[in-house]
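Chemist: Next input, structure requested:
(one chain, ligands or ions: 1)
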Amino acid sequence: MKETKFEFNYKVYDSIEELPEQEQWLLNEAREVTANAYAPYSHFQVGAVARLVNGEIITGSNQENASFPVGLCAERVLLASASSVFPRVPVDVMAISYKGEGHASDHPISPCGICRQSLQEFESRLGHPIKLILGGMTGPVYVIDNAKALLPLAFTSEELR
Ligand code: THU
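Modeler: Numbers count the residues shown, from 1 in each chain. Sure thing, here's the model as predicted:
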C-alpha cells in the first residue's frame, strides 16, 4: 500500500483592489451580471464573466426552473454560450461572483461538482487552462490557475477511448 496526496496552490487576495486591473474588471463584471440570473427559487444569484483567448467577453448567470434539476449554474451557462458563439476558442479566465437574499456576499464561492466536471473537460478539449477568479461582492478573492485542480481523480474522456 502506498498513500499519495493531492494538493494545489491558489492565491488569496484580501480584496479586489489587490488584483491586476484586468482581473478587477472581470470580477466587477461578474458581480454585475448576477442581476441577470433567473433564480426565483433559491434567491441565490450567480454571475460569471469570461475572457476568451481571442479577447471576446462572454457572460453567464444561473437559470433556474420550477422543475429544480433543470436549473443551470452560471458557469455552465457561460461555457455553453462560449462554445456556441466561438466554437473551439479557449476560455482564458473566468470570474465568478454571487449575491442572495439573506446571504452575506463577503467571501468567495467555488464551482459546484457538476461545473467542475464541465470546466475540466472544456480545458482539456481546448488544451488551455481556465484561470478562475472567485469573489463575493466584498471580501477576499481566490485565484486558481486552472479549473482542473478543483477536480482530483476526474472521470475524463480518456476513459471512453
Ligand atoms: N449556482 C451557480 O450558478 N454556480 C455555483 O457555482 C453554485 C450554485 C446556482 C445554482 C442554483 O441556481 C443556485 O446557485 C443555488 O444553488
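Chemist: Helices of this protein, start to end?
Modeler: In the chain, the helices defined using DSSP state H lie at 21-33, 74-85, 113-126.
Chemist: Out of these, which is the most enclosed?
Modeler: helix 74-85 (a mean of 20; mean count of other Cβ atoms under 10 Å). In this view, the C-beta of every residue, glycine as well, is placed from N, C-alpha and C.
Chemist: nearest to Ser42, of the helices of the chain?
Modeler: Using Cβ to Cβ as the measure, helix 74-85 is the one of these that comes nearest Ser42, at 12.0 Å.
Chemist: got a list of contacts for that closest one?
Modeler: 33, 37, 46-50, 52, 56, 58-63, 89, 91, 94, 96, 111, 114-115, 118-119, 122 (Cβ atoms under 8 Å, 6 or more residues apart in numbering).
Chemist: hey, C-alpha coordinates of it in PDB?
Modeler: Extracted C-alpha coordinates of helix 74-85, given in PDB (Å, rounded to 0.1, in the frame of the first residue of the first chain):
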ATOM      1  CA  ALA A  74     -23.800  30.300 -14.200                       C
ATOM      2  CA  GLU A  75     -20.600  28.600 -15.100                       C
ATOM      3  CA  ARG A  76     -22.200  26.100 -17.400                       C
ATOM      4  CA  VAL A  77     -24.400  28.700 -19.000                       C
ATOM      5  CA  LEU A  78     -21.300  30.600 -19.700                       C
ATOM      6  CA  LEU A  79     -19.300  27.600 -21.100                       C
ATOM      7  CA  ALA A  80     -22.200  26.600 -23.400                       C
ATOM      8  CA  SER A  81     -22.600  30.100 -24.600                       C
ATOM      9  CA  ALA A  82     -18.800  30.500 -25.300                       C
ATOM     10  CA  SER A  83     -18.700  27.200 -27.100                       C
ATOM     11  CA  SER A  84     -21.800  28.000 -29.200                       C
ATOM     12  CA  VAL A  85     -20.700  31.500 -30.200                       C
END
